[in-house]
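need a structure here:
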Amino acid sequence: MPAIAVIIPTYNRREALKSCLDSLKTQTLNPSLWEVIVVNDGGCDLEEIGLGYGENFRFIRQENAGPAKARNFGVSLAKSQIITFLDDDCQAQPTWLENILNFSKEGVLLGGRVINSYTENIYSEASQLLIDFLYIYQQNTPNQFFTSNNFSLYKSDFDRFGGFDSTFSTSAGEDREFCVRLQKNGMDLVFNRQIIIEHKHFLDFRRFIKLHKKYGKAAVLFQKSAKEQDISIDRRPKLTFYRKLFYYPFNLEHKRFSTKVALSLSLALSQFCVVWGFLEGKR
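Below you'll find the predicted structure:
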């Protein structure tokens, strides 16, 4: 039986998915030790893509219901002891699965490092920078979370806590809810910089606005869920949060000053959009 199952939800991103799957073919871990389950969330046909991969790659389909439900479906079919999640617009570095196997433990949700591939795209870079900042700012707090494009845990732990909340119908908020729920119930969240993927998410101004508004709308459902579970979270970020966030790009030694300013302004715009989306979600 394989040791690790890679669960990949996908929807109408054939070329991105193919690049994602190709990165898994370069893994240093013996292919007999891992399986890949691609869950087509009601999108375009993937039969042609599926023909190009080995027996440890499985392609299944569900009616469109969102990535949370797709991940749960994929886990239910997994034969492995360890479950890891990857998004279709991401590429795993060659030692990704080997490091997951080496560092995984029962009772631990293991988060990895995500690198933005489009370093010259200010919107893609700012979006990943926001996640990097949140990882640091919320470490060892009830709000700590890892993005679901790169975290792993034992299948027994996943099943014990009921998986992702499928009432989250889009790719936003479901990973935060999952992480804070598991931590509230005794799981340890451990970040490991050696578990690395690259995120290939190209953003322009319009997509940037749409993405961060979506985060804001998802926060409404996240806060509602946390309240129902009696999970203590920061509902309104303090001024200290914004001050540290907007200053964060200036800590990047490898960036030009003009780029740091542009990143700081983009982060400010992201927070405006989050509030905008949150208010729309409340209405």
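
Tell me the buried residues in stretch 91-103?
For stretch 91-103, burial by neighbour count (16 or more other CB atoms under 10 Å) applies to 91-93, 95-101. From N, CA and C alone the C-beta is placed, and that goes for glycine too.

Tell me which of those residues fall in helices.
Per DSSP state H, helices hold the following members of the buried residues of stretch 91-103: 96-101.

elements contacting the helix or strand of the chain with the lowest mean pLDDT?
When the helices and strands of the chain are scored by mean pLDDT, DSSP states H and E, helix 47-50 comes last with a mean of 82. Counting contacts by 3 or more CB pairs under 8 Å, 6 or more residues apart in numbering; DSSP states H and E, helix 47-50 packs against helix 14-24, strand 57-62.

Which parts of this protein are helices?
14-24, 47-50, 67-77, 96-103, 122-137, 155-160, 174-184, 205-228, 239-247, 257-282.

Can you lay out these as JSON lines showing distance to residue 166?
JSON lines is the format used below for those (distance: least, CB to CB, whole Å):
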{"stretch": "helix 14-24", "distance to residue 166": "22"}
{"stretch": "helix 47-50", "distance to residue 166": "25"}
{"stretch": "helix 67-77", "distance to residue 166": "4"}
{"stretch": "helix 96-103", "distance to residue 166": "25"}
{"stretch": "helix 122-137", "distance to residue 166": "23"}
{"stretch": "helix 155-160", "distance to residue 166": "14"}
{"stretch": "helix 174-184", "distance to residue 166": "8"}
{"stretch": "helix 205-228", "distance to residue 166": "12"}
{"stretch": "helix 239-247", "distance to residue 166": "30"}
{"stretch": "helix 257-282", "distance to residue 166": "18"}
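
of all the ones you listed, which lies closest to residue 2?
helix 96-103 (10.3 Å; CB to CB).

Next, the angle from that closest one to helix 14-24.
50 degrees (axes from the mean of the first three to the mean of the last three CA atoms, to 10 degrees).

elements contacting helix 96-103?
For helix 96-103, the packing partners by 3+ CB pairs under 8 Å, 6+ apart come out as strand 4-10, strand 82-85, strand 108-116, strand 188-199.

Just the residues contacting it, thanks.
Under the contact criterion CB atoms under 8 Å, 6 or more residues apart in numbering, helix 96-103 has outside partners 3-4, 6, 24, 27-29, 33-34, 82, 84, 110, 112, 152, 190, 192, 194-197.

Let me know which of the helices and strands packed on helix 47-50 is the nearest to residue 209.
Across these, residue 209 has its closest neighbour in helix 14-24 (21.2 Å, CB to CB).

distance between stretch 61-72 and the chain's centre?
Mean C-alpha position of stretch 61-72 versus that of the full chain (CA atoms, centre = their mean, to the nearest Å) differs by 15 Å.

what's the answer for stretch 124-137, then?
Computed by CA atoms, centre = their mean, the chain-centroid distance of stretch 124-137 equals 12 Å.

From the rest of the structure, what touches it?
Taking CB under 8 Å, 6+ apart as the rule, stretch 124-137 contacts 111, 114-119, 145-147, 191, 199, 201-203, 208, 211-212, 241, 244-245, 248-249, 263, 266-267, 270.
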